[in-house]
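Student: 3D model of this:
(3 chains)
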Amino acid sequence: MDELIEQFAIEARELIQQASEDLMALEANPRARESLESAFRAIHTLKGSVGLFDFGPMAGILHQAEDLLSQARAGKIVVDAALIDPILAIIEWVDDSIDGISQTGGLPEAQEKQATRLLGILNGAVTARDNDAPADAPAAIPDWALSLHQLMSASGAAGQMIAIRYEPHPECFFSGDDPLATISSLPDLRHLTVSLKEPQPLPEKFDPFRCGLLIEAVSGTSLAEAEAVFRLIPDQVKLFVLTVAADKRAGIAPEPASGRSPERQSTTMRVDSTRIDKLVEIAGELVTAKNSLVPLSEEARNHGNGPLAKRILSSHHEIERLVASLYGAVTQARMIPLENTFRRFPRLVRDTSARIGKAVDLVIEGETVEADREIVENLFEPLLHLVRNGLDHGLEPEDDRLKLSKPKRGRLLLRARQRGDQIEIEVADDGRGMDPQRVRAAAVDRGILSESQASTLSETDILQLVFAPGFSTAASISELSGRGVGLDAVHTSVKRLGGTVELQSVPGLGTSFFLKLPISFSMTQLMIVEVGGERYGVPITAIVETHKLPLSAIQSVRAGRAFVLRDRTIPLLHLGELLQVAAPNSQSGDLKVLIVRAGQEDIGVAVDAIAERAETLTRPLAGLLQGVAGIAGTTLLGDGRVLLVLNMEELL
Amino acid sequence: MIRLLIVEDSALMRKLLGQIFSAEGDFTVEFARDGAEALKVISGFQPDVVTLDIHMPLMDGLVCLDRIMLEHPCPVVMVSSLTEEGAEETLAALEIGAVDFIAKPGGAISLSIDELTPRLVEKVRTAATVRIRRSRRLAERVRLAQTILPQQAILPRGRRDSPARPIRQAGRPGIVMIGTSTGGPPALDAVLANLPSGFDWPVVVAQHMPASFTGPLAKRLDKICALTVSEVAQQTRLEPGNIYVAKGDADIVIASRAGSLVAMAAPSDQAYRWHPSVDRMVRSAMKHLPAADLVGILMTGMGNDGAAAMADLRSAGGYTIAEAEETAVVWGMPGELVRLGGASEIRRVEEIAASLMDRVC
Amino acid sequence: MTISLDAGAITLSGACGVEEAEPLMSYLESRPDLPVDISAATVIHTALWQALMVFGPEIIGTPISSFMADKLLPGVRADIATRREI
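Tutor: Residues are numbered from 1 along each chain as shown, chains lettered A, B, ... in the order given. Have a look, this model is predicted:
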């Protein structure tokens, strides 16, 4: 694609040059037929090239410009300043956009914003010629909206609403439209009427593939949202903002909202991220709230009301589906491109490389890959660490590189890729790489593992030791390994985001770090347990099974306790002790035990009580709790309480 | 290796098409910037196939095509825009001798290029295998013959009944359905222009084409045919003496409504690969009419659309004609019908009209 | 088969796309006496709703989708009923 964009830029500049020369010649001599032909051809070809890409409104604008010139060619309109000036303005705009296009591959936002102004100028060129150009009459309340208004106010509704009149094009089914499906995607639909435009069609004349419907609706959503729903078919839809007062005497706010008003055309809007977070929170709570329907249905069944139980279950399924899609939509709203983080690096790398005297080319790829805002924003620190390390320690000084017959300029790669529901970010340098033997020696030296342990590890595994806490404290290590400071910090922050980091390195060729992160925070199935009067969530994936254990089955084994399950001895721990919140429950009776897998072995974890299961949204820790080991995150319960979600592996 | 000459005035399009075909691995690609250059390159390069932009400065695509067909006949695929103007020019090009056409890619190419490439490559590959015959100008010759001997076509021909033909119940009108794809427009000229105004079965044509092309196609056919030709954009009652061209990029469905036969345009069903789908047309007609009242004709075209449905039509008692390999530009669809044993008879394109009249009149 | 002619009803089931409009219409035309059961349909394309409104059969069953059941169906039923009276 890049090559094509490059080619586009070259060709577009030539065409722009050609067209402006022709237009200026035309200005001097409006009868210069060849100039008109040539300008037309240049704009035509330019439009064709632009049409190959997705440059937003540019193709449409050029199409209109071409249309004007084509009318001039046919002698339908006069060649004068009113024709030439707008087209020159368009060309200038395209010219200004090309630099941005060749850098980013797309139409820069600032340029895109001018599109409506330019369309206005072009339409001016057209309407100035129409004698009966419609004056901007004050928008009267259209009859159709009036009746919807009466309807809503009669129903006792109040507030601001959007009245919608949607008259689908007769051939809309052929463009793949499903008008009622479109209507169903409107949030907060308060009213819907579907009628046949021809009230008594003769069934034998009826063509089932032509749409003859008229749809009227009222939605409590915002105008922007409603416009977004109909963004592909603005010509078939009329929107009007109704202000329905509880008091029937109040009128309608004369707020015209024709789908064509230019400032309303944008379908994106800025939203304070805390509002979206609030939505995510509510979605999370809804998930929990809907879980309560299952016990309710069980209760109904126990009372002998099977049909009611069934109905509750089926509405549970419906709510479950809706909540899942709500959750999906809200998570989607939190997604931002990695560009937000990546774009800070070019300057940073340029400054650093100038400072340390190493010439570096930074290559950034995949900046359009999206992930949850929290993940994208929290990635900056670890990435900065890795990039700095690459610059400082990975890349050799120029002289060394030349001796090794490497290119003089070092190369740093920052690349993101989407892999399923994960993103993979690679930070790679083509520097000196790491020698596994030296890492092994240093790890043993620092007491991170014993000589014998070290000798059993593969070279790849050895390299991962650089992430171990305490590995990189010594300054000498950064010299011998070419890597150093605080890689464990990178490891920790990536892990906190629910990700992993790995490294590959070939001595002499360079080092690559691979960060794998979730795209967004996902739903987790939790088992809720009680200890010392507090409730905690344990991810169900961590639990092998649950067990009731008579106290008599517990045996003391050296310092600890254990029990036998299916001929295996399983150590027993108490969650209260692990969390240092409560002493083991000394009361008699059965002990409730979660069997949890830790590494290769199963461990029993006793709790006071096992409560319900819940499906929730777990968010990584922030603030004070951030450093606490054994806690994976928090989740909100339906009643507003915060539930700590445990990380069993870390606890044990 | 397939020797491909790309004639394009836009450097960007040259680059794009060049990349697409170079990536295939078995194409040797040459470029020409305009018609004059193309003619120069062709004699030396001897391409197996040419893609030709219909809009070019200096020498226009159509003029260039005409020169190619006269001086160095070789398969040409036109690159045209999807506008109505583009449709007229493309149909003219097909008549002059272009094998096929591709629509200029547009829109967000980064998104659509993967989708577009296979069809583009398939079309050019197929075109490269086509033998350009003298008969490329068949339609004009047929029309010429018609103007010289205007009466002949209307004269009833001697019946050539064979035992293979099921006997149709007289007096009940049936439907003729024609399916074509690559190379179709000139073949349609050749068949439909030879049907007399008294032909008493409605004819429904499914020619694979974009939406903006079928209207102009119907208009062109209407000018040269004794029968009235129109495009089916909405539900239309099928009447004798008429030829109905299915709307492009959509499907056509034949049904019986309140005792009369109708055809209606239907949104293209993604269960079928090509549109208007010949298979869907034939199968819908079979639901509403006895097979004996249906005649299916499958002519030149890539792929196999229509073959399965027409084979079923034949085994249900309907009558089918496949265009012979010697005259089909691409013997894909009719070839498949023959392979399936679904062709009641196999005819050269210039014989099909007569054969049809034996059957219907 | 998303549209079928069962004993006593024309039944829509699963996702009924636009291409089903023609078969539905054929059934509606040939069996005006039968009701249409939409309780098993998950998606019903606008073209099918339109055909139902034109032919005005009795519509029975509650669709799974709440949009269809609460927002669309009552209006469509009322529309059919009023036009029958005329």
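Student: Might you report the residue contacts of the closest residue to chain A within chain C?
Tutor: Nearest residue of chain C to chain A (CB to the nearest CB) works out as residue C:21 at 3.8 Å. To be clear about C-beta, it is placed using only N, CA and C from the backbone, and glycine gets the same treatment. Residue C:21 makes contact with A:208-209, B:266, C:45, C:47-48, C:50-51, according to CB atoms under 8 Å, 6 or more residues apart in numbering or on different chains.
Student: Chain B against chain C: which residues are in contact?
Tutor: Proximity of chain B to chain C, by CB under 8 Å from any CB of the partner chain, involves residues B:253, B:255, B:257-258, B:264, B:266-267, B:269, B:271, B:284.
Student: Kindly write the ChimeraX command that selects the buried subset of those.
Tutor: A single ChimeraX command is used to select the members of these judged buried by 16 or more other CB atoms under 10 Å in any protein chain shown:
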select /B:253,255,257,264,266,267,269,284
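Student: among the helices and strands of the chain, which one scores worst on average pLDDT?
Tutor: Unless you meant another one, I'm taking chain A. Using mean pLDDT, DSSP states H and E, the weakest-scoring helix or strand in chain A turns out to be helix A:475-481, at a mean of 39.
Student: could you do chain C instead?
Tutor: That would be, for chain C by mean pLDDT, DSSP H and E, helix C:66 at a mean of 80.
Student: Surely residue B:197 touches residue B:240?
Tutor: No. With contact defined as CB atoms under 8 Å, residue B:197 does not reach residue B:240; the gap is 10.2 Å.
Student: Looking at the contacts of residue C:21, which are in strands?
Tutor: Counted as lying in strands by DSSP state E, out of the contacts of residue C:21, are residue B:266.
Student: still on that earlier bit, can you show me the CA trace of the host helix or strand of the residue of chain C closest to chain A as PDB?
Tutor: Residue C:21 is part of helix C:21-30 when elements are defined by DSSP states H and E. C-alpha atoms of helix C:21-30 as PDB (Å, rounded to 0.1, in the frame of the first residue of the first chain):
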ATOM      1  CA  ALA C  21     -39.900 -12.800   0.500                       C
ATOM      2  CA  GLU C  22     -40.900 -14.400  -2.700                       C
ATOM      3  CA  PRO C  23     -41.600 -17.900  -1.300                       C
ATOM      4  CA  LEU C  24     -43.500 -16.300   1.600                       C
ATOM      5  CA  MET C  25     -45.600 -14.300  -0.800                       C
ATOM      6  CA  SER C  26     -46.400 -17.500  -2.800                       C
ATOM      7  CA  TYR C  27     -47.600 -19.200   0.300                       C
ATOM      8  CA  LEU C  28     -49.600 -16.200   1.400                       C
ATOM      9  CA  GLU C  29     -51.200 -16.000  -2.000                       C
ATOM     10  CA  SER C  30     -52.100 -19.600  -2.300                       C
END
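Student: In the stretch 1-150 of chain A, what residue lies closest to chain B?
Tutor: For the stretch 1-150 of chain A, CB to the nearest CB, closest residue to chain B: residue A:54, 3.3 Å.
Student: Counting by contacts, list what the following helix or strand past the least confident helix or strand of chain A packs against.
Tutor: Using DSSP H and E, the helix or strand that follows helix A:475-481 in sequence is helix A:487-496. Applying 3 or more CB pairs under 8 Å, 6 or more residues apart in numbering or on different chains; DSSP states H and E, we find helix A:487-496 packed against helix A:380-389, strand A:500-506, strand A:510-518.
Student: Around chain B, which positions in the stretch 451-600 of chain A sit nearby?
Tutor: Close to chain B, as judged by CB under 8 Å from any CB, the stretch 451-600 of chain A has no residues.
Student: Tell me which residue in the stretch 451-600 of chain A sits closest to chain B.
Tutor: For the stretch 451-600 of chain A, CB to the nearest CB, closest residue to chain B: residue A:519, 20.4 Å.
Student: That residue reaches residue A:371, doesn't it?
Tutor: Yes. Residue A:519 is within contact range of residue A:371, at 4.9 Å (criterion: CB under 8 Å).
Student: okay, the two: which has more neighbours?
Tutor: Taking other CB atoms under 10 Å in any protein chain shown, residue A:519 and residue A:371 do not tie; residue A:371 has more neighbours (26 against 18).
Student: Overlap of the contact sets of residue A:519 and residue A:371?
Tutor: A:335, A:423.
Student: Provide the contact partners of the helix or strand that the least confident helix or strand of chain C is followed by at residue level.
Tutor: Note on helix C:66: by DSSP H and E, the next helix or strand toward the C-terminus is helix C:73-85. By CB under 8 Å, 6+ apart, the residues outside helix C:73-85 that reach it are A:192-196, A:199-200, C:38, C:49, C:52-53, C:56-57, C:59, C:62-63.
Student: mind checking pLDDT for residue A:201?
Tutor: Note on residue A:201: pLDDT of 72.
Student: What of residue A:118?
Tutor: Model confidence at residue A:118, given as pLDDT, is 81.
Student: my guess is it contacts residue A:88, does it?
Tutor: No. Using CB under 8 Å, residue A:118 makes no contact with residue A:88, being 11.2 Å away.
Student: Between those two, point out the one with more neighbours.
Tutor: residue A:118 (21 against 17).
Student: and that one, what does it touch?
Tutor: Residue A:118 makes contact with A:61, A:86, A:89-90, A:93, according to CB under 8 Å, 6+ apart.
Student: at 7 Å instead, please
Tutor: A:61, A:89-90, A:93 (CB atoms under 7 Å, 6 or more residues apart in numbering or on different chains).
Student: Distance of residue A:366 relative to residue A:197?
Tutor: 49 Å (CB to CB, to the nearest Å).
Student: higher neighbour count, those two?
Tutor: Neighbours were counted for residue A:366 and for residue A:197 using other CB under 10 Å; residue A:366 has more, 18 against 12.
Student: Need the pLDDT of that one.
Tutor: On the pLDDT scale, residue A:366 gets 84.
Student: Against residue B:295, how distant is it?
Tutor: 57 Å.
Student: can I assume the residue of the stretch 1-150 of chain A closest to chain B sits in a helix?
Tutor: No. Applying DSSP: H, G, I helix; E, B strand; the rest coil, one finds residue A:54 to be coil, outside a helix.
Student: how many neighbours does it have?
Tutor: Using other CB under 10 Å, residue A:54 is surrounded by 17 other residues.
Student: per-residue confidence at it?
Tutor: Predicted confidence (pLDDT) for residue A:54: 76.
Student: Backbone dihedrals for it, please?
Tutor: phi -110, psi 80 (degrees, to the nearest 10).
Student: Give me the distance between it and residue B:36.
Tutor: According to CB to CB, residue A:54 and residue B:36 sit 34 Å apart.
Student: and if you look at residue B:231?
Tutor: For residue B:231 relative to residue B:36 (CB to CB), the value is 37 Å.
Student: again, but for residue B:65
Tutor: 13 Å.
Student: higher neighbour count, those two?
Tutor: Neighbour totals were compared for residue B:65 and residue B:36, and residue B:65 leads with 24 against 15 (other CB under 10 Å).
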